[in-house]
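**Student:** need a structure here:
(one chain, ligands or ions: 2)
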Amino acid sequence: MYNYHTHTQFCDGSSQPVRYVEEALRQKMQVLGFSAHAPLSFENEWSLKKADISKYVAEIERLKTSYKGQICILNGLEADYIPGITQKFDTLRKKFRLDYIIGSVHLVKAPEGDALWFIDGAVHNFDNGLAEIFNHNIRRAVTAYYKQIQEMIVTQKPDIIGHIDKIKMNNKGRFFSEDEGWYEQIVTDTLYVASRYNCLLELNTRGVYTGKTDTFFPSPFVLERCLSLGIKVMVNSDAHRPEQLTLKFKNAFDLLKSTGFKNVSILDEMGRKEIPLTAFC
Ligand SMILES: [Zn+2]
Ligand SMILES: [Zn+2]
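**Tutor:** Numbers count the residues shown, from 1 in each chain. Ligands and ions are numbered 1, 2, ... in the order given. Take a look at the predicted model:
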């Protein structure tokens with residue numbers, strides 16, 4: 001088993017990195033990638049503190065060396081993209097010699113002004129931002145979210161796109177439906193950009209195992225489009241606790257298989273490769 005989306009005590013996870021390695025060994029996983037939230041320039045509850053990033057990178061490198069031969073450990077970050085605010089992914093990549101970057105949008109910048117709409121976390125933040133920043137205009141708000149992802153792909157070239165349709169989580173079917181034409185169109189436009197830049201897209205199981213969504217990130221119709229556009233997919237858990245490392249993976253592999261995928265993508269010391277889904281289901 002393989003998981004590249006892992007948060008530890010260095011950011012908003014529950015335990016020290018070594019606890020996740022022990023659990024990964026117990027589960028006989030082949031690769032474990034760590035992806036702390038990259039530091040942000042403003043106060044928040046979830047990301048690495050600027051002063052801690054070097055300690056984080058050093059600790060993952062130490063584990064990489066001490067568990068060599070038992071499991072492949074990779075050093076990554078989940079980096080936010082907020083135009084004009086976040087650091088360049090390439091700067092992070094080079095400075096900390098990272099194995100990969102998961103690029104995600106958790107905060108949507110208002111089309112005018114500097115207000116940020118926090119789409120993750122509590123539902124009331126989502127609702128307040130929609131009202132105050134976007135004047136209740138869900139189509140404008142969701143379009144701004146996907147445009148920001150498109151801009152992230154083009155300008156930052158993330159190795160992996162994180163939970164591409166996380167915007168659905170706090171919507172809970174209230175303001176828009178995923179089968180509305182405009183929504184399908186903006187998602188499809190975003191996938192075209194992803195395919196052009198040869199990004200990996202993650203199937204992220206966290207929404208389902210936390211009970212926050214009925215479907216994985218991304219939804220089945222998005223996976224169908226990924227398949228037809230030739231976008232490569234990997235399975236991640238976005239674990240915030242060691243026991244979450246591979247939660248719902250069996251269901252995820254079954255879904256990929258029934259969608260028509262033959263392979264999933266993985267990363268290891270040698271880089272990116274594909275392995276047949278038959279290895280998992
Ligand atoms: Zn995230
Ligand atoms: Zn995450």
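**Student:** so in the chain, which strand runs the longest?
**Tutor:** strand 72-80 (DSSP state E).
**Student:** relative to that one, what are the paired strands and their orientations?
**Tutor:** Partners of strand 72-80 in the sheet, by DSSP bridges, are strand 31-37 (parallel), strand 100-104 (parallel).
**Student:** got the ones you listed as a markdown table, with mean neighbour count columns?
**Tutor:** The C-beta positions use only the backbone N, C-alpha and C, and glycine is treated the same way. Below are the strands paired with strand 72-80 laid out as a markdown table (neighbours: other Cβ atoms under 10 Å):
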| stretch | mean neighbour count |
| --- | --- |
| strand 31-37 | 25 |
| strand 100-104 | 24 |
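**Student:** just send those strands back as TSV, with mean pLDDT too.
**Tutor:** Shown next, in TSV, are the strands paired with strand 72-80 (pLDDT from 0 to 100):
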stretch	mean pLDDT
strand 31-37	98
strand 100-104	98
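**Student:** before we move on, the earlier item: tell me the mean pLDDT for the longest strand of the chain?
**Tutor:** Taken as a whole, strand 72-80 carries a mean pLDDT of 98.
**Student:** what helices or strands is the helix or strand just after that strand leaning on?
**Tutor:** The helix or strand immediately downstream of strand 72-80 is helix 89-95, counting by DSSP states H and E. When contacts are defined as 3 or more Cβ pairs under 8 Å, 6 or more residues apart in numbering; DSSP states H and E, helix 89-95 sits against strand 72-80, strand 100-104.
**Student:** just to check, Gly207 is in contact with Met169?
**Tutor:** Yes: assessed by Cβ atoms under 8 Å, Gly207 is found in contact with Met169 at 5.8 Å.
**Student:** joint contacts of these two?
**Tutor:** Thr213, Phe217 (Cβ atoms under 8 Å, 6 or more residues apart in numbering).
**Student:** what bridges to the residue of the stretch 1-150 of the chain found nearest ligand 2?
**Tutor:** Residue nearest to ligand 2 within the stretch 1-150 of the chain: Glu78 (4.7 Å; Cβ to the ion). As for beta bridges, Glu78 partners with His37, Ile102 under DSSP bridges.
**Student:** which residues does it contact?
**Tutor:** His5, His7, Ser35, Ala36, His37, Ala38, Ile101, Ile102, Gly103, Ser104, Gly162.
**Student:** mind doing that once more with 10 Å?
**Tutor:** Going by Cβ atoms under 10 Å, 6 or more residues apart in numbering, Glu78 touches 4-7, 11, 34-38, 46-48, 100-104, 106, 158, 160, 162-163, 236, 238.
**Student:** again, but for Leu245
**Tutor:** Leu245 neighbours (Cβ under 10 Å, 6+ apart): 1-3, 5-6, 20, 23-24, 26-27, 29, 32, 236-237, 239.
**Student:** ok so, going back, as JSON lines, the strands paired with strand 72-80 with distance to ligand 2 would be great.
**Tutor:** Listed next are the strands paired with strand 72-80 as JSON lines, based on distance: least, Cβ to the ion, whole Å:
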{"stretch": "strand 31-37", "distance to ligand 2": "6"}
{"stretch": "strand 100-104", "distance to ligand 2": "7"}
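**Student:** any chance of those strands in TSV with distance to Gly69 as columns?
**Tutor:** Shown next, in TSV, are the strands paired with strand 72-80 (distance: least, Cβ to Cβ, whole Å):
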stretch	distance to Gly69
strand 31-37	13
strand 100-104	21
